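1. Can you look at this prediction? I've put the sequence above it.
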Amino acid sequence: MNLSSVDLNLLHVLAVTLEERSATRAARRLGVTQSAVSNALARARELLGDPLLVRDGRGLSPTPAAEGLLPELAAAMEQLRSVIEHRRAFDPRSSTRELTLACADNSQIADVPPVAAALAREMPLARLRVVSIDYLVASGGLSGGGIDAVIALRRRDPGLRAAALYRDPAVGMVRRDHPVVTGKRIARSAFPRLGFIDVHIPLGRPGRGHALVEEAFRAQGLVRRMALVVPGFAAAAMAAAGSDLVACMPRRVARALGAHLPVRVVELPVEELGHEMWLSWHERTHKDPAAACLRRVIIETLRGVDGPSSGAAT
């Protein structure tokens, strides 16, 4: 028998009628007409190949086959009821869900630690799984089914919802005793003497953030000489700490890494160079209570961390 061709409502009607031993009482309990119960019982008899219930005076008597079915049907109905009620009564304190967040190197360094701490307080038994943007792309994006949310620049793809988190200005990072960059800002005149570290995160190639940075520098007539290319900001910070090269990165990442390295964070000679970071998720997880809890934790933890962020959930 192909289960997909079975109307499971017939089994529910049968279970209630077996318990009530009356089509009238079963109809009242189910909130339907007596004829609807009778029609459902007729279809159930055909489906199961047994009379199931026969008239006995003013009531109905179950056949031996139906008597044997009743405990199994009652257990199945209770299990389905438990599944539905469990979803409606989601308890973050007892949830053991694994929730998957995709983000790039910058968010892994600056955003994941506070989010993980906040989620552990909200959902102490859950597990947060963090994957890279490369993994997000390779697995089919947010519509692929394996990722609950992503922190990144916003993409206006069909089926996606998003909420603005924060704006993260770009800064420079140099070693503390850098011979050329001696003040709090990199002078325009120093650019020809400096070598820069480039960070290619997505699939080892320049991403959207990289393109925005380069465009901002070119608009100011500044050209960076790239001396080193690395796949992450941690490697860039380590290289800057041990050389005369300059690393450019989001301020929040620079602060997090700078707390552990002999480096200085300096301003760049470019105004308004920064990225608006967004939390995005797919419509398929919008109503999922565990995924919604993760999103709420992320928004409450990160929104406006470096000043107010514009925009709302859409």
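-> Ah, there it is. For clarity, every value in this text was computed on a predicted model and none was experimentally measured.

2. What separation do you get for the nearest residue to L136 once chain neighbours are set aside and R175?
-> Leaving aside its chain neighbours, L136 sits nearest to A102 (4.0 Å; criterion: CB to CB, 6 or more residues apart in numbering). C-beta coordinates here come from the backbone N, C-alpha and C atoms, glycine included. Remark: distance between A102 and R175 (CB to CB, to the nearest Å) = 32 Å.

3. higher neighbour count, these two?
-> A102 (25 against 19; other CB atoms under 10 Å).

4. Over to that one. Which of the three states is it?
-> strand (DSSP: H, G, I helix; E, B strand; the rest coil).

5. Surely it and Y135 touch.
-> Yes - counting by CB atoms under 8 Å, Y135 is a contact partner of A102 at 6.6 Å.

6. For the helix or strand containing E67, the averaged confidence score.
-> Applying DSSP states H and E as the criterion places E67 in helix 64-88. The average pLDDT within helix 64-88 is 76.

7. what sits against the residue nearest to L136?
-> Listed by CB atoms under 8 Å, 6 or more residues apart in numbering, the contact set of A102 reads 130-133, 135-136, 142, 147, 149-152.

8. H200: which of the residues you listed is nearest?
-> Nearest to H200 out of the contacts of A102 is I133 (CB to CB; 11.6 Å).

9. Relative to its centre, which residue of this structure is most distant?
-> Relative to the centre of the chain, the most outlying C-alpha is that of G57, 59.7 Å out, by CA atoms, centre = their mean.

10. Could you report the neighbour count for the closest residue in space to A237 that isn't next to it in sequence?
-> Closest residue to A237 apart from its sequence neighbours, by CB to CB, 6+ apart: L257 at 4.2 Å. The burial count assigned to L257 is 23, neighbours taken as other CB under 10 Å.

11. In contact with L257, which residues?
-> Taking CB under 8 Å, 6+ apart, one finds 109, 173, 233-234, 237, 249, 263 in contact with L257.

12. most neighbours, which of these?
-> Most surrounded of the contacts of L257: other CB under 10 Å gives M249, at 31 neighbours.

13. Assign that one to helix, strand or coil.
-> strand.

14. tell me the mean pLDDT over stretch 126-136?
-> Rounded mean pLDDT across stretch 126-136 is 92.

15. heads up, I number from 37, so please use that
-> Sounds good: first residue 37 from here, last item stretch 162-172.

16. how far away is K220 from L96?
-> 88 Å.

17. which of these two has more neighbours?
-> L96 (21 against 9).

18. Next up, the contacts around the more buried one.
-> So L96 contacts 53, 57-59, 89-90 (CB under 8 Å, 6+ apart).

19. hang on, it in a strand?
-> Yes - with three-state DSSP as the criterion, L96 is assigned to a strand.

20. Quick check: beta-bridge partners of it?
-> R91 (DSSP bridges).

21. List the beta-bridge partners for H318.
-> Counting by DSSP bridges, the residues bridging with H318 are L196.

22. residues in contact with it?
-> With contact taken as CB under 8 Å, 6+ apart, H318 is in contact with 178-179, 195-197.

23. Recalculate using a threshold of 10 Å.
-> The contact partners of H318, by CB atoms under 10 Å, 6 or more residues apart in numbering, come to 177-181, 183-186, 193-197, 327.

24. Looking at those residues, which are in helices?
-> Judged by DSSP state H, the contacts of H318 include A327 as members of helices.

25. In PyMOL, select just the buried ones from the contacts of H318.
-> Buried members of the contacts of H318, defined by 16 or more other CB atoms under 10 Å, are picked up in PyMOL with:
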select buried, resi 177+178+183+184+185+186+196+197+327
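
26. Which one of the contacts of H318 is nearest to P100?
-> G181 (45.7 Å).

27. How confident is the prediction for that closest one, by pLDDT?
-> Looking at G181, its pLDDT is 73.

28. Quick one, grab the pLDDT at the closest residue in space to A185 that isn't next to it in sequence.
-> Using CB to CB, 6+ apart and skipping residues adjacent in sequence, the residue nearest A185 is W317, 4.5 Å away. Turning to W317, the model gives it a pLDDT of 95.

29. list the contacts for W317?
-> 137, 178, 183-186, 195-199, 324, 327-328, 330-331, 334, 349.

30. same deal with R288?
-> 142-143, 145-147, 202, 204-205, 207, 313, 338, 341-342.

31. from what I can see, it looks like it's in a helix, true?
-> Yes - using three-state DSSP, the assignment for R288 is a helix.

32. Walking through this protein, point out its helices one by one.
-> Using DSSP H, helices in the chain cover 44-56, 59-66, 70-84, 100-124, 141-146, 148-158, 169-174, 244-255, 269-277, 287-294, 325-338.

33. among those helices, which is nearest L230?
-> Nearest of those (CB to CB): helix 269-277, 11.1 Å.

34. Lovely, talk soon.
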